[in-house]
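Q: Have a look; sequence and predicted model below, questions after that.
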Amino acid sequence: MNLEPVSYAPIGVARSPHADAAGAPIQPSGARGQAGHIILRPELAEGLRDLEGFSHLIVIYHCHQSGPARLLVTPFLDEAAHGVFATRAPARPNAIGLSVVRLAGVRDNVIDILDVDLLDGTPILDVKPLVPAFDLPQGPVRVGWLATRASQADQARADERFSG
Ligand SMILES: C[S@@+](CC[C@H](N)C(=O)[O-])C[C@H]1O[C@@H](n2cnc3c(N)ncnc32)[C@H](O)[C@@H]1O
């Protein structure tokens with residue numbers, strides 16, 4: 001088992017209307033229509049060729065404003081503590097965030113996106129096209145403790161509980 005640390009350089013940075021965690025939407029479902037951008041390092045722009053044919057992107061990022069990792073967290077959508085890996089809380093051992101956003105356009109090294117729940121200045125680690133045949137599971141999907149809570153994400157707003 002190779003558990004050596006890994007190190008990535010961000011491919012770019014997010015520009016977002018959300019400066020701070022407090023008041024930010026907690027998922028893209030609560031950020032419908034909110035526009036932002038991913039500014040890629042210019043030398044990576046060629047890697048965006050053919051991206052405009054996709055409607056949605058999976059954005060993987062470093063939650064740079066996240067506080068120390070916790071193994072038990074009380075997430076925004078519950079009053080009870082859950083194991084961090086059973087939540088989407090950013091204060092995790094590797095502070096990696098994942099958002100499925102709508103692609104609005106590609107201009108040189110800039111990706112215009114909608115439904116942005118990332119904070120402004122978020123370092124972007126990767127961008128991949130969402131492909132339903134690859135990414136949407138076949139058959140029933142169970143969502144554990146979120147079964148009665150997930151739909152509340154649209155209205156919920158974050159606070160500073162996971163901030164550094
Ligand atoms: C519950 S987390 C989920 C984020 C992501 N959609 C996910 O599932 O990994 C949502 C909160 O992450 C926080 N967040 C977004 N970008 C962040 C960043 N760069 N650093 C720290 N927290 C961030 C915002 O406060 C947002 O409300």
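A: Here it is on my side, so go on. Remember, it's a predicted structure, so these values are computed and weren't measured experimentally.
Q: Tell me the helix or strand right after the lengthiest strand in the chain.
A: Secondary structure of the chain read by DSSP state E shows that its longest strand is strand 96-107. Downstream of strand 96-107, the next assigned helix or strand under DSSP states H and E is strand 110-114.
Q: Output that next one as PDB, restricted to C-alpha atoms.
A: Output in PDB follows, covering the C-alpha atoms of strand 110-114 (Å, rounded to 0.1, in the frame of the first residue of the first chain):
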ATOM      1  CA  VAL A 110     -11.400  30.500 -19.400                       C
ATOM      2  CA  ILE A 111     -14.300  28.200 -18.700                       C
ATOM      3  CA  ASP A 112     -17.600  30.000 -18.000                       C
ATOM      4  CA  ILE A 113     -19.700  27.900 -15.600                       C
ATOM      5  CA  LEU A 114     -23.100  28.100 -13.900                       C
END
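Q: Could you confirm whether it reaches the ligand?
A: No. Applying CB under 6 Å from any ligand atom, one finds strand 110-114 separated from the ligand by no less than 12.7 Å. C-beta: built from backbone N, CA, C; applies to glycine.
Q: and that strand, how far from the chain's centre?
A: Taking CA atoms, centre = their mean, to the nearest Å, the mean C-alpha location of strand 110-114 is offset from the chain mean by 14 Å.
Q: what does stretch 132-145 give?
A: 18 Å.
Q: Show me the strands in the chain, by range?
A: 12-15, 35-40, 56-62, 72-73, 82-83, 96-107, 110-114, 123-129.
Q: Let me have the ones you listed in CSV, extended by mean pLDDT and distance to residue 156.
A: CSV is the format used below for the strands of the chain (pLDDT from 0 to 100; distance: least, CB to CB, whole Å):
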stretch, mean pLDDT, distance to residue 156
strand 12-15, 98, 20
strand 35-40, 98, 19
strand 56-62, 98, 20
strand 72-73, 98, 15
strand 82-83, 98, 15
strand 96-107, 98, 15
strand 110-114, 98, 19
strand 123-129, 98, 24
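Q: which parts of this structure sit against the ligand?
A: 21, 24-27, 63-66, 88-90, 97-99, 117-119, 122, 158.
Q: Buried only: go through those residues for me.
A: Buried members of those, counted by 16 or more other CB atoms under 10 Å: 21, 24-27, 63, 65-66, 88-90, 97, 99, 117-119, 122, 158.
Q: Can I get the strands of the chain in a markdown table including distance to residue 150?
A: A markdown table is the format used below for those (distance: least, CB to CB, whole Å):
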| stretch | distance to residue 150 |
| --- | --- |
| strand 12-15 | 24 |
| strand 35-40 | 23 |
| strand 56-62 | 18 |
| strand 72-73 | 16 |
| strand 82-83 | 13 |
| strand 96-107 | 14 |
| strand 110-114 | 20 |
| strand 123-129 | 23 |
